[in-house]
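Participant: The amino acid sequence is not available; the structure is as follows:
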């Protein structure tokens, strides 16, 4: 997901010439749909749907549902709406997978240890999400940000 977000932002900003506000307005509807999709996935898992089937449905939504294929068909003649909906489909599939993997991770964890397990998984997820690619910046190779420190190559 990080690479998809980075590539779409660069495509919108560099190739299509969108400013930061326009790029983020195109990217933001996916977050709304993720917030809408996760409770539905959680409700389905709470009613007895196997986590494996929910993960498979999420992967199928991301792959065959249009997200990845749809993004592969993007060109320089697209409108903002044509950049929004492939990302929404991809993020809805990811929300299905995310909810199901959390349920599967905690299913057999004893109740006394569940709080520690939630904290550990949240720490690992957040630390993994803070890494930024160093060569993906539109200002050139070697320019990027790691955490809150700017990194510049000579």
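Facilitator: Perfect, thanks for sending it. Everything numeric in this text was worked out from a predicted model, so none of it was measured.
Participant: For the helix or strand harbouring residue 83, the averaged confidence score.
Facilitator: Assessed by DSSP states H and E, residue 83 sits inside helix 80-106. In this model, helix 80-106 carries a mean pLDDT of 86.
Participant: tell me the mean pLDDT over stretch 14-22?
Facilitator: Mean per-residue pLDDT for stretch 14-22: 89.
Participant: same question, stretch 111-121
Facilitator: For stretch 111-121, mean pLDDT rounds to 87.
Participant: about what we covered before: to the chain's geometric centre, what's the distance from the helix holding residue 83?
Facilitator: Put simply, helix 80-106 sits 7 Å off its chain's centre (C-alpha atoms, centre = their mean, to the nearest Å).
Participant: go on, stretch 53-73?
Facilitator: Mean C-alpha position of stretch 53-73 versus that of the full chain (C-alpha atoms, centre = their mean) differs by 13 Å.
Participant: Contacts for stretch 56-72 next, please.
Facilitator: When contacts are defined by C-beta atoms under 8 Å, 6 or more residues apart in numbering, stretch 56-72 is touched by residues 4, 8, 41, 85-87, 89-90, 92-98, 100. Every residue, glycine included, has its C-beta placed from N, CA and C.
Participant: of these, buried ones?
Facilitator: By neighbour count, with 16 or more other C-beta atoms under 10 Å, the contacts of stretch 56-72 hold 4, 8, 41, 86-87, 89-90, 92-98, 100 as buried.
Participant: What is the helix or strand hosting residue 112 packed up against?
Facilitator: Assigned by DSSP H and E, residue 112 falls within helix 111-128. Helix 111-128 sits against helix 80-106, with contacts defined as 3 or more C-beta pairs under 8 Å, 6 or more residues apart in numbering; DSSP states H and E.
Participant: No further questions, thank you.
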